[in-house]
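Colleague: coordinates for the following, if possible.
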Amino acid sequence: MNSHLRLQPNQRRSCARFLRFTLVWLIPLGCFAQQAPAPQQDPVPQQVSMPQDSCAFSAPGRCAIEIARDQTGILTSPFRMHKKDLLWLAPLAAATGAAFAFDHKTLDRVSTDPSQVNAFRQTSNFTGLYVPLATIGTTWMAGTFTHNDHLRETGVLGAEALVDTMLFTSLVKFGTNRVRPKATGPFPESGEFWPDGRHYSGGDSFPSGHTAMAFAFAHVIADEYPGWKIKLAVYSLAAATAAARVGGREHFPSDVLVGGAVGYLIGGYVYNHRSASSRNHVTFSPIVGGKTFGVSLVFSRSHDDGAAESSAP
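Modeller: Numbers count the residues shown, from 1 in each chain. Just a heads-up that it's a prediction; the model follows:
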């Protein structure tokens, strides 16, 4: 009982730090990622050549410029925030808060058996790092050798999404300084943000970088190849990465939840702003006025089929 009472002040400080982080980082990122470019007006063929000034592995300078623009947009996005963004950001924040409240109880149920922990960690490295990197390299080389701009673009945009995600999550990890869980079991500082008000050398738990990169990669691939089988495969790999990071006792559930959201948003941003084709766009917009409340669904396609709009009250 006394031990429980001693933990309450630490829990309150952690909640305060977490909520402050949510307002400072997640809302800006969400507002930034929702700013998709306007659909193209002129029909274009499905196979589109990449612009000469776009990012390419043979032109790292242009890639560095595009990534710098991405990061600048993320950090300045609070100036472009709209009230309607809260309609989906608020549920995300609520879900993250709920996950945060049950972080320790969930980890208490995760096995500390060394063989299982190592197996989960190896799985997360395979699904969250090796598969995306291998796919990026394969698609780029295949596209280059076969002169297939779509394949080559997939590799380039996948790599750009991973770099953008890695940079952003590294910055957030440093700013939040949350202590990772231990493979062998709980310890006093585990899960704390800035424990005792000081920087902790192992405080890089929040958010999960593996999960963020897996979902960023999945979003790019799913948009480049929108078939349901491809989407099922890449998002299943991303979800497996998130589960494996918790099973490997590398992260708490809230770490992977936020990591997945961050990666998904950044992956969507990279595709919408950098893809030469951007064939399909689906935009949800709230309709609020007087006694009317509904959702506007806009589906645009840069082929001859044009654009269709529908609304649901």
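Colleague: where does the stretch 151-300 of the chain dip in pLDDT?
Modeller: Low-confidence segments of the stretch 151-300 of the chain, defined by pLDDT under 70, span residues 277-300.
Colleague: show me where it has its helices.
Modeller: Along the stretch 151-300 of the chain, the stretches classed as helices by DSSP state H, counting those that start in this stretch are 209-224, 228-247, 253-274.
Colleague: between helix 228-247 and the last one, find me the angle.
Modeller: Direction vectors for helix 253-274 and helix 228-247, defined by axes from the mean of the first three to the mean of the last three CA atoms, to 10 degrees, enclose an angle of 150 degrees.
Colleague: which helices and strands does helix 253-274 pack with?
Modeller: On a contact count with 3 or more CB pairs under 8 Å, 6 or more residues apart in numbering; DSSP states H and E, helix 253-274 meets helix 27-33, helix 60-75, helix 86-101, helix 103-108, helix 149-176, helix 209-224, helix 228-247. No exception for glycine: its C-beta is placed from N, CA and C like everyone else's.
Colleague: any idea of the angle that helix forms with helix 149-176?
Modeller: Using the same axes, to 10 degrees: helix 253-274 against helix 149-176 is 140 degrees.
Colleague: now helix 253-274 - C-alpha only, CSV.
Modeller: As requested, C-alpha coordinates have been extracted for helix 253-274 and formatted as CSV (Å, rounded to 0.1, in the frame of the first residue of the first chain):
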residue,chain,number,x,y,z
PRO,A,253,1.9,-0.3,-26.0
SER,A,254,1.6,3.5,-26.1
ASP,A,255,5.1,3.7,-27.8
VAL,A,256,4.0,1.5,-30.7
LEU,A,257,0.6,3.1,-31.0
VAL,A,258,2.1,6.6,-31.4
GLY,A,259,4.9,5.2,-33.5
GLY,A,260,2.4,3.6,-35.9
ALA,A,261,0.3,6.8,-36.2
VAL,A,262,3.5,8.9,-36.8
GLY,A,263,4.8,6.5,-39.5
TYR,A,264,1.4,6.3,-41.2
LEU,A,265,1.0,10.0,-41.4
ILE,A,266,4.6,10.6,-42.6
GLY,A,267,4.3,7.9,-45.2
GLY,A,268,1.0,9.4,-46.5
TYR,A,269,2.6,12.8,-46.7
VAL,A,270,5.6,11.7,-48.7
TYR,A,271,3.4,9.9,-51.2
ASN,A,272,0.9,12.8,-51.6
HIS,A,273,3.6,15.4,-52.0
ARG,A,274,6.4,13.6,-53.9
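Colleague: between it and helix 209-224, how big is the angle?
Modeller: 40 degrees.
Colleague: and helix 253-274, which residues are buried?
Modeller: 253-274 (16 or more other CB atoms under 10 Å).
Colleague: quick revisit: ok, which of the helices of the stretch 151-300 of the chain comes nearest Thr176?
Modeller: Across these, Thr176 has its closest neighbour in helix 253-274 (9.8 Å, CB to CB).
Colleague: and the angle for that closest one with helix 60-75?
Modeller: The directions of helix 253-274 and helix 60-75 differ by 120 degrees, with the same axes, to 10 degrees as the criterion.
Colleague: ok and helix 253-274 relative to helix 86-101, angle-wise?
Modeller: Relative orientation of helix 253-274 versus helix 86-101 (the same axes, to 10 degrees): 150 degrees.
Colleague: okay, domains of the protein per the record?
Modeller: Described in terms of automatic domain parsing, the domain architecture of the chain consists of the residue ranges 2-278, 279-313.
Colleague: about what we covered before: need the winner for burial among the helices and strands packed on helix 253-274.
Modeller: Mean neighbours per residue, mean count of other CB atoms under 10 Å, is largest over these for helix 209-224, with a mean of 29.
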